[in-house]
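**Student:** okay, sequence plus prediction incoming.
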Amino acid sequence: MDSGKRSFLKATTATALAWHAGMAAAQGKAFKVGLILPMTGPFASTGRQIENGVRLYMAQFGDKVAGRQVEIVLKDDTGVPDITKRLAQELVINDKVDVLAGFGLTPLALATAPVATQAKTPMVIMAAATSIITEASPYIIRTSMTLPQVTLGVAEWAPKNGIKKVVSLVTDYGPGIDAEKTFRERFLLNGGQLLAEIRVPLRNPDYAPFLQKVRDLKPDALFVFVPAGAGTALLKQFSERGLDKAGIKLIGEGSVADDEILNDMGDVALGLVTSHPYSASHNSPANKKFVEAYMKQSKGIRPNFFGVAAYDGMRVIYEAVKATKGQGSGEALVSAMKGQIFESPRGPIYIDAQTRDIVQDVYIRRVERINGQLYNTEFDVIKGVKDPGKSGK
């Protein structure tokens, strides 16, 4: 054998050994997911739902993937953006997490986006729903929803079902403004009349004075968006102010009829029509299994949209680790997350490869009492809805 061939074989063998050594090192190292959630404070229910969804996926599919031990590093940001950003920095620098995930509110996700970009760390959004979030970093993937995407349904349904004059009432931050804009555009396009647009504060809102204004305007319906968990207070004051007795219907984006707290709302919620990508009563074998397992995992708490978005988010992470054979990081993981298509408990979904945002079915639902329990019963569906602001991108 001549010296050239020997040198080539030595180089090839060294490269192969280095590759196998690198792969073994990667597989021997824990795959860390930095989960940043509001576990205390006014949005703690969102954090609890997401944590339960994450833990359920791992309980069902194991805590190892592609030879890597999966480790969740959970941090409580209390719903404060500055804290979220600091925790993300600590998770990346000190804990050396492979993925950041969670993000219960839009301001929390936007505060973290520069950290993900600088560290080249994938960031999986399991809740925050403002349209622009995925544009804030090329490392962001979303498994939840956008407000324009899910508001379309009720904006299309209302004018076709005798609702011609509406007042809108939304929480004054990114998702609420998105919902307001989308509802306005679609409702007016379909011949509706918008009498007023009202915005209420994100923290500790008192709906009573705003609802009195709505009653004075005498619309056919009030369109609402409030964060998950705030619906009980809104519906209570809606009833106390007599809007239901005045014949004003209540319609909205589905967060107002949050599955976790729906039973606490009482009869005032009956007949509430909303559009949303998920209901605990979604009639599919996959969802029935998911709800049963989730309620066992959570000790009786009914899953809401965030629970299923977190469950799906973990699937996206696991499949990306598998696709990169346990050694992918940064851009390789993001690339493996793009384009994933699968059957979720909510129905078919996929991650759009261009926008890194979720595409999913949106259901029109009505609150009904079934076997003594309140549920969002789906009665219509819009298939494969993209975020309308990104549909042409």
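**Tutor:** Looks like it came in fine.

**Student:** tell me the pLDDT of the residue lying closest to A66 once chain neighbours are set aside.
**Tutor:** What sits nearest to A66 in space, not counting adjacent residues and going by CB to CB, 6 or more residues apart in numbering, is G326, at 3.3 Å. From N, CA and C alone the C-beta is placed, and that goes for glycine too. As predicted, G326 sits at a pLDDT of 95.

**Student:** and if you look at the one 10 residues further on?
**Tutor:** Here the pLDDT value assigned to A336 is 98.

**Student:** again, but for R86
**Tutor:** For R86, pLDDT reads 98.

**Student:** next structured bit after the helix or strand harbouring it?
**Tutor:** Element membership of R86, judged by DSSP states H and E, is helix 81-93. Using DSSP H and E, the next helix or strand after helix 81-93 towards the C-terminus is strand 99-102.

**Student:** the residue lying closest to L108 once chain neighbours are set aside and S329, how far apart?
**Tutor:** Using CB to CB, 6+ apart and skipping residues adjacent in sequence, the residue nearest L108 is T84, 4.2 Å away. According to CB to CB, to the nearest Å, T84 and S329 sit 22 Å apart.

**Student:** those two: who's more crowded?
**Tutor:** T84 (28 against 15; other CB atoms under 10 Å).

**Student:** and the residue nearest the centre of this protein?
**Tutor:** With distances taken as CA atoms, centre = their mean, S144 lies nearest the centre of the chain, 2.4 Å away.

**Student:** where do the helices of the stretch 101-250 of the chain begin and end?
**Tutor:** For the stretch 101-250 of the chain, applying DSSP state H, counting those that start in this stretch gives helices covering 106-119, 147-157, 174-189, 208-217, 231-240.

**Student:** quick one: closest of these to E51.
**Tutor:** helix 106-119 (15.1 Å; CB to CB).

**Student:** tell me the buried residues in that closest one?
**Tutor:** Within helix 106-119, the residues that count as buried by 16 or more other CB atoms under 10 Å are 106-113, 115-116, 119.

**Student:** neighbouring contacts of that helix?
**Tutor:** 36, 38, 77, 79-82, 84-85, 88-89, 92, 100, 103, 121-123, 125, 128-130, 133, 136-140, 173-175 (CB atoms under 8 Å, 6 or more residues apart in numbering).

**Student:** could you pick out the buried ones from the residues you listed?
**Tutor:** 36, 38, 77, 79, 81, 84-85, 88, 92, 100, 103, 121-123, 125, 128-130, 133, 136-137, 139-140, 173-175.

**Student:** C-terminal to the helix or strand of the chain with the lowest mean pLDDT, what's the next element?
**Tutor:** One helix or strand of the chain scores below all others by mean pLDDT, DSSP states H and E: helix 3-28, with a mean of 47. Using DSSP H and E, the helix or strand that follows helix 3-28 in sequence is strand 31-37.

**Student:** OK, contacts around L272?
**Tutor:** With CB under 8 Å, 6+ apart, L272 has these contacts: 235, 250-252, 256-257, 366-367.

**Student:** now for P42, how many residues are close by?
**Tutor:** P42, neighbours per other CB under 10 Å, totals 15.

**Student:** then Q49?
**Tutor:** Count around Q49 with other CB under 10 Å applied: 32.

**Student:** cool, and the one 4 residues further on?
**Tutor:** The criterion is other CB under 10 Å. On that basis, G53 has 29 neighbouring residues.

**Student:** element containing the closest residue to it other than its chain neighbours, please.
**Tutor:** Nearest non-adjacent residue to G53, counting by CB to CB, 6+ apart: A310, 3.1 Å away. Element membership for A310 (DSSP H and E) is helix 305-323.
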